[in-house]
Structure formats: C-alpha cells, structure tokens
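Novice: Fold the stuff below for me.
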Amino acid sequence: MADVRRIAFYGKGGIGKSTTVSNIAAALAESGYTVMQIGCDPKSDSTISHTSNESIPTVLNVMSEKRGDITLDDIVFKGTDGVLCVEAGGPKPGFGCAGRGIITALEELDRLDAVSVYKPDFILYDVLGDVVCGGFALPIRKGYADSVYIVTSGERMALFAANNICQSVRNSSERGYATVRGLILNKRNVKNEDAIVAEAAAKMGTEIVCTIPRSDDIQSAEEEGRTVVSFLPDSEISEKYRELARMIG
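Specialist: Numbers count the residues shown, from 1 in each chain. Modelled structure (predicted):
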C-alpha cells in the first residue's frame, strides 16, 4: 500500500467540518502535495468549494447508472485548486443505509486502485459525525484512516457529538485502528468558548490542536464556490488554515 497519510475528520452536522477539511486540503495542495478529499456524507457537498459550487457525480450514482463499467475518471474529479474530489453519495432519503453507501464507495475506490493511480500524499475523509456506526465508522478502521480529528464548537450538542466520536474511535484504537489526534475548535462565539472546549477536551483525554476564529471571509469565499485559502490567500483566516495544514502534515 502506498505511503499516504489518511486522515478522517468527524464532527456534528453543520459544525463547519466540510469548510475546515476543504481549506486544509487547499492549503496542502498549494504546498505541492497531492491531496484527495472524499466526502462521506449523503448530502454529497463536501467538495463543492473545490469545484466552483458544481456538484460532482457520486460514486453510488455512477455505480447505479453504469452497472459495473466504471473507471476512475467517472468518480474522481480534479478541482480548480488541484484537489482530487470524490463524493461517496448515499441513498434517497428514507431508502437504504447511508453508512453502507460509504462502505460501497470506498471499496470501489480500492477495486479501481485509486491510490496507485493518483499517488496521493494525503487522503482526507470528511465524515458525518452525529453517529459513528456502520459505514460512518469505516474510515477509522485500519487501512482507511490512521488519524482522526474532531471538529467542534463550544455548543453543547457539538461537544456531545465530539465525545461520542472520541469514545467510538478509542474503542476502535484498542484493536489497532485509528487514533484521535485532537479537537479543532471552530468558534461560534459561545460565551467562555475556549475554556469550555478545553475542559471538555481534557475530559475526553485529548486537546485542542487548533482554533479557527469566526470570519466573514469564509462566507465570502463560499459564495464564490471557493475555499478561502484559494479565494483570499492573503487573509488572516487563510493563514490559520495553513497553520493547521502544517500541523497535520
């Protein structure tokens, strides 16, 4: 298996996880790394800031439509910033298991030998983190991800989800799977937010590895279908994402 860093990012839905992952990916790509970002959420919107807000075909949809005659060109798309984009996809609401969709998509990438073809330095998994079961837990298993970062704010439900994710990863790490490397605090300007999250991290047996402040620049970039790293490269928030990318890399 190729020497590639495989990192999974978890967090409560709506916490800013996809924004965080996409900007890390963009920062790594501008540093010369080959980066693949895999969206593991049925909404299939993880990678749109690399593709000018254009949705890409999901692995599950392509598999359903082509019935086996699939190539990597059908499911891996190079973003405007050079990031290799994949969306696992999921079933229609109310039909099938979204977790099973992730398993199927990752197995298809393996079958097509994506790592050997693209030779990524990093694979970043953007995983829905309200629940960590079935397919949603797959990226933390050995061979898919070796490190896990949890994106959270100081909001109660975000920290509740972070704790659940942390416990799930710990249960898996005892069997030689991925390990939690820390929390990424994506600030929501909650009162005493830094102290609240620091205390929660200590109780989880981990730490805050980076704090991302609120910034209107992020929203401005997303309205243009871009990451803030590529749209406003000289901004303070872009440098914060680069700092995080250097820490992870």
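Novice: residues making contact with the top strand by length along the chain?
Specialist: Ranked by residue count, the top strand of the chain under DSSP state E comes out as strand 179-186. Residues outside strand 179-186 that contact it (Cβ atoms under 8 Å, 6 or more residues apart in numbering): 9, 11, 15-17, 19-20, 146-154, 162, 166, 169-170, 173, 193-194, 197, 200-201, 204, 206-212, 244, 248. C-beta coordinates here come from the backbone N, C-alpha and C atoms, glycine included.
Novice: Enumerate every residue touching residue 17.
Specialist: Residue 17 neighbours (Cβ under 8 Å, 6+ apart): 9, 10, 11, 126, 129, 151, 186.
Novice: Then the fourth one would be within a strand, right?
Specialist: Yes - Residue 126: assigned to a strand according to DSSP: H, G, I helix; E, B strand; the rest coil.
Novice: Bridged to it, which residues?
Specialist: On the basis of DSSP bridges, residue 126 is bridged to residue 9, residue 39.
Novice: I'd say residue 125 and residue 40 touch.
Specialist: Yes - counting by Cβ atoms under 8 Å, residue 125 does reach residue 40; the two are 5.6 Å apart.
Novice: between these two, who's got more neighbours?
Specialist: Neighbours were counted for residue 125 and for residue 40 using other Cβ atoms under 10 Å; residue 40 has more, 31 against 27.
Novice: Count the neighbours of the residue nearest to that one when sequence neighbours are not counted for me.
Specialist: Distance criterion Cβ to Cβ, 6 or more residues apart in numbering; nearest residue to residue 40, sequence neighbours excluded, is residue 127 at 4.4 Å. Residues near residue 127, counting by other Cβ under 10 Å, number 28.
Novice: I figured residue 127 was touching residue 7, is that so?
Specialist: No - assessed by Cβ under 8 Å, residue 127 is found out of contact with residue 7, at 10.6 Å.
Novice: and the helix or strand where residue 85 lies, which strands flank it?
Specialist: For residue 85, the host element (DSSP states H and E) is strand 84-87. Here strand 84-87 is paired, per DSSP bridges, with strand 35-40 (parallel), strand 77-78 (antiparallel).
Novice: Pick the most deeply packed of these.
Specialist: strand 35-40 (a mean of 28; mean count of other Cβ atoms under 10 Å).
Novice: got the contact list for it?
Specialist: Counting by Cβ under 8 Å, 6+ apart, 18, 21-22, 25, 28-29, 45-47, 50, 76, 82-88, 102, 105-106, 109, 114, 118, 120-128, 135-136, 139 sit against strand 35-40.
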